[in-house]
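Colleague: Got a predicted structure here, sequence first:
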Amino acid sequence: MRTPVVMTVGMVLAPCGLLLNLTSTLAPGWRLVKGFRDQPVDVVLYQGLWDMCREQSSRERECGQPDDLGYFKAEPVLVARALMVTSLAVTALGLLLASLGVRCWEDEPRFLLAGLSGLVLFTAGLFSLIPVSWYNHFLADRTVLPFQESPVTVEVSYSLVLGYLGSCLLLLGGFSLALSFAPWCEKCCLRRRKAASGSPRRPSISTVHVDWPQPALPPAIKYYSDGQHRPRPAEVGPADKPKVGFPMPRPQPKTYTNPVDVLDFETGAPSQGASSRSTRPCHSSLPCDSDL
């Protein structure tokens with residue numbers, strides 16, 4: 001699986017923020033003081049959290065300058081020391097969690113661990129942004145951050161700018177890594193939906209089950225043949241296959257049969273029964289055989 005874009009962005013911005021914050025913490029360049037009366041015009045004094053350095057254009061930088069005004073005892077300086085060191089430690093912890101969560105050498109990253117590392121890095125960015133902003137707010141305040149009287153002026157130095165940049169990079173990198181919670185939340189929602197669909201739902205209202213009698217089924221369609229009930233075609237075997245069609249009535253015979261024997265006169269003397277039959281008139285509407 002390719003590393004998601006949010007993880008890649010976070011893994012690039014977080015180390016850059018760590019490097020900038022480390023430089024800002026150690027370098028003596030939070031405030032630039034210049035314009036001293038009893039010194040050359042090109043002499044400047046760089047004040048940091050741990051050291052002060054004097055620099056002149058024609059000479060090298062000289063660090064370890066004495067603190068005559070109690071600059072290192074000022075509250076913004078003490079708070080900045082504690083919070084910047086805390087920010088560096090928290091950033092290192094966040095990068096360790098991010099390296100274990102992203103796992104570029106594995107098939108699939110650990111989204112939950114990567115999201116937690118994003119929260120840790122975002123917190124580290126807040127820890128470094130708070131002292132930088134507070135120090136910048138009291139930069140020209142003589143009562144909080146003491147410096148010599150006028151015409152001495154103070155300006156923002158490079159370490160303070162690096163602290164701002166490092167804090168913003170940590171905030172952006174932590175936020176980008178924290179977006180890794182989205183795939184993890186999606187997987188959790190899918191698991192819950194599958195679990196909910198697999199288990200039967202309990203009704204919110206109690207129900208009473210009543211065993212109602214089953215209604216009587218209507219009789220099946222009966223098959224009739226020749227005016228009698230026959231079994232279904234599926235129940236009839238090959239030997240008992242019913243005849244197809246309806247019985248046709250036999251037609252009435254239209255031919256007429258004469259009961260008198262017409263050959264009695266040809267064979268001999270007619271018998272008594274035959275003579276009586278021949279003299280009997282034919283009352284049928286059809287012609288008699290004797291007439292033919």
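Modeller: Nice, I can see it. Numbers count the residues shown, from 1 in each chain.
Colleague: Averaged pLDDT, stretch 77-92. What do you get?
Modeller: On average, the pLDDT along stretch 77-92 is 93.
Colleague: buried stuff in it?
Modeller: By 16 or more other C-beta atoms under 10 Å, the buried positions in stretch 77-92 come out as 77, 80, 83-84, 87-88, 90-91. (Glycine included, C-beta is placed from N, CA and C.)
Colleague: Check stretch 179-193 too.
Modeller: If you call a residue buried by 16+ other C-beta under 10 Å, then stretch 179-193 has these buried ones: 179-181, 183.
Colleague: cool, stretch 124-142 as well?
Modeller: For stretch 124-142, burial by neighbour count (16+ other C-beta under 10 Å) applies to 124-125, 127-132, 134-136, 139.
Colleague: follow-up on the earlier one: can you put the buried residues of stretch 77-92 in TSV and add distance to Arg110 and secondary structure?
Modeller: As requested, those are arranged in TSV below (distance: C-beta to C-beta, whole Å; DSSP: H, G, I helix; E, B strand; the rest coil):
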residue	distance to Arg110	secondary structure
Val77	40	helix
Ala80	35	helix
Leu83	30	helix
Met84	30	helix
Ser87	25	helix
Leu88	25	helix
Val90	20	helix
Thr91	20	helix
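Colleague: what's the closest of those to Leu116?
Modeller: Val90 (12.5 Å; C-beta to C-beta).
Colleague: Test my guess that that closest one contacts Val120.
Modeller: Yes: look at Val90 against Val120 with C-beta atoms under 8 Å: they come within range, at 6.1 Å.
Colleague: re the thing from before, so which of the buried residues of stretch 124-142 are in strands?
Modeller: Counting by DSSP state E, those place none of their members in strands.
Colleague: now stretch 32-50: mean pLDDT?
Modeller: pLDDT averaged over stretch 32-50 gives 85.
Colleague: tell me how far the ends of it are from each other?
Modeller: End-to-end span of stretch 32-50 (C-alpha to C-alpha, to the nearest Å): 15 Å.
Colleague: Show me what stretch 67-86 is in contact with.
Modeller: Defining contact as C-beta atoms under 8 Å, 6 or more residues apart in numbering, one finds that stretch 67-86 is touched by 21, 24-25, 30, 47, 49-50, 52, 127-128, 130-132, 134-135, 138, 144-148, 163.
Colleague: Please save the CA atoms from that stretch in CSV.
Modeller: Output of stretch 67-86 as CSV, limited to C-alpha atoms (Å, rounded to 0.1, in the frame of the first residue of the first chain):
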residue,chain,number,x,y,z
ASP,A,67,24.3,40.0,32.3
ASP,A,68,24.3,43.3,34.2
LEU,A,69,20.6,44.1,33.9
GLY,A,70,19.2,40.7,34.9
TYR,A,71,18.0,39.7,31.5
PHE,A,72,18.2,35.9,32.1
LYS,A,73,16.0,36.3,35.2
ALA,A,74,13.1,37.8,33.3
GLU,A,75,9.9,35.8,33.3
PRO,A,76,9.5,35.5,29.5
VAL,A,77,13.1,34.1,29.3
LEU,A,78,12.5,31.5,32.0
VAL,A,79,9.2,30.4,30.6
ALA,A,80,10.7,30.2,27.1
ARG,A,81,13.5,28.0,28.3
ALA,A,82,11.1,25.5,29.9
LEU,A,83,8.6,25.4,27.1
MET,A,84,11.1,25.2,24.3
VAL,A,85,12.9,22.3,25.9
THR,A,86,9.5,20.6,26.5
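Colleague: Quick check: mean pLDDT of the strand or helix carrying Arg193?
Modeller: Per DSSP states H and E, Arg193 falls inside helix 181-198. The pLDDT scores in helix 181-198 average 74.
Colleague: Touching it from outside, list them.
Modeller: In this structure, residues lying in contact with helix 181-198 by C-beta under 8 Å, 6+ apart are 4, 111-112, 115, 118.
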